[in-house]
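Student: What follows is a predicted protein model with its sequence.
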Amino acid sequence: MKHKIITAITGIALVLCGFAFWETGYVKFILGIISAFYLISTAYGSFEIRSNYFVTSIHKGKKKSIALTFDDGPHPENTPRILDILKEKGVKATFFVIGKNAEKYPELVRRIDAEGHIVANHSYSHNYLIAFFSTKRLKNDLIHCNDIVYQILEKKPKLFRPPFGVTNPRYGTVLKELNLQSIGWSLRSFDTRAKNKYQLIQNVISKLQKRDIVLLHDHLPVTADALEDLIEHCRSKNIVIQPLPLIINKDPYEIL
């Protein structure tokens with residue numbers, strides 16, 4: 001884990017530089033620079049999931065194809081629209097569901113599964129302060145989401161995406177204990193910021209490459225508006241869309 005390595009290096013650097021510069025007028029300045037570097041590295045590692053700073057996440061596929069992933073659903077209006085398009089186009093995707101939403105709309109979770117898509121864990125609460133949860137509370141939150149999915153499908157997800165893409169040492173501990181694999185992304189669609197479907201489409205097609213894991217959100221109408229065009233663009237460029245577990249070679253559910 002990069003965090004442990006950086007912490008160890010920082011600790012050694014502080015001790016060595018403390019001794020080396022103790023009798024100079026630069027000791028506070030040098031130690032301040034080292035401490036600032038550590039704090040900046042930790043902050044960057046927390047907010048940039050692709051750095052694998054606290055948790056080793058999968059961000060790219062192993063095959064020359066891409067995977068579509070949807071966060072924050074299910075949503076009563078937009079998830080069905082997305083499922084209709086995926087079914088029409090013969091495309092399979094992965095839905096990182098929020099447990100409380102799955103609990104509220106179990107019929108949509110069943111439809112996602114019945115139509116050959118993967119249901120994965122995106123926490124139960126998706127609380128804005130989840131990054132500050134204690135280890136016990138975080139663990140219970142993730143277990144609760146898996147329990148909800150199991151009650152609906154009798155399947156227990158092994159794939160997990162941290163809410164907001166934020167990680168910390170507690171995630172590393174909890175994911176290991178629960179045998180969950182963290183999934184990041186290589187292409188962020190920024191559909192949460194897109195003003196219209198054309199902006200969203202441009203965000204994706206301007207950067208799309210083979211092996212990409214594409215981050216989308218199925219609770220947004222703009223994503224549903226853009227999805228058909230995104231799929232057709234991939235086909236025009238001979239970019240194959242495959243299920244996430246297939247391109248990362250990971251089982252999506254526990255074998256019970």
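Tutor: That came through fine.
Student: In space, what's closest to residue 156 - neighbours in sequence excluded?
Tutor: Spatially, and ignoring its direct neighbours in sequence, residue 156 is nearest to residue 254 (4.3 Å; Cβ to Cβ, 6 or more residues apart in numbering). In this view, the C-beta of every residue, glycine as well, is placed from N, C-alpha and C.
Student: Could you tell me how many residues sit around that neighbour?
Tutor: Neighbourhood size, residue 254 [other Cβ atoms under 10 Å]: 14.
Student: One more: residue 223?
Tutor: 23.
Student: element containing it?
Tutor: Assigned by DSSP states H and E, residue 223 belongs to helix 221-236.
Student: Now do whatever helix or strand comes next after that helix: distance to the chain's middle.
Tutor: Sequence order places helix 244-248 as the next helix or strand after helix 221-236, per DSSP H and E. Helix 244-248 sits 14 Å away from the centroid of its parent chain (Cα atoms, centre = their mean, to the nearest Å).
Student: Packing partners of helix 244-248?
Tutor: strand 67-71, strand 213-217 (3 or more Cβ pairs under 8 Å, 6 or more residues apart in numbering; DSSP states H and E).
Student: Output the ones you listed as a markdown table; include the columns distance to residue 179, mean neighbour count and mean pLDDT.
Tutor: Below are these laid out as a markdown table (distance: least, Cβ to Cβ, whole Å; neighbours: other Cβ atoms under 10 Å; pLDDT from 0 to 100):
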| stretch | distance to residue 179 | mean neighbour count | mean pLDDT |
| --- | --- | --- | --- |
| strand 67-71 | 20 | 27 | 98 |
| strand 213-217 | 20 | 23 | 98 |
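Student: between these, which one is nearest to residue 247?
Tutor: Closest approach to residue 247 among the helices and strands packed on helix 244-248 (Cβ to Cβ): strand 67-71, 5.2 Å.
Student: got the angle for the helix or strand just after that closest one vs strand 67-71?
Tutor: The helix or strand immediately downstream of strand 67-71 is helix 78-89, counting by DSSP H and E. Using axes from the mean of the first three to the mean of the last three Cα atoms, to 10 degrees, the inter-axis angle of helix 78-89 relative to strand 67-71 is 160 degrees.
Student: The helix or strand just after helix 78-89 pairs with which strands, parallel or anti?
Tutor: Next helix or strand after helix 78-89 toward the C-terminus (DSSP H and E): strand 94-97. Using DSSP bridges, the strands paired with strand 94-97 are strand 67-71 (parallel), strand 118-121 (parallel).
Student: Now render those as CSV, adding distance to residue 24.
Tutor: Shown next, in CSV, are the strands paired with strand 94-97 (distance: least, Cβ to Cβ, whole Å):
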stretch, distance to residue 24
strand 67-71, 52
strand 118-121, 52
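Student: Nearest to residue 194 among those strands would be which one?
Tutor: Short answer: strand 67-71, nearest of the strands paired with strand 94-97 by Cβ to Cβ, at 14.7 Å.
Student: Low-confidence ranges, this protein, go.
Tutor: Low-confidence segments of the chain, defined by pLDDT under 70: 1, 3-11, 13-21, 23, 25-27, 29-31, 34-47.
Student: quick one, helices of the stretch 51-200 of the chain?
Tutor: Here the stretch 51-200 of the chain has its helices, by DSSP state H, counting those that start in this stretch, at 78-89, 99-104, 106-114, 135-153, 169-178, 197-205.
Student: Mind putting the ones you listed into TSV with mean neighbour count and distance to residue 216?
Tutor: Output for these, formatted as TSV (neighbours: other Cβ atoms under 10 Å; distance: least, Cβ to Cβ, whole Å):
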stretch	mean neighbour count	distance to residue 216
helix 78-89	18	8
helix 99-104	20	16
helix 106-114	17	14
helix 135-153	19	19
helix 169-178	18	22
helix 197-205	18	9
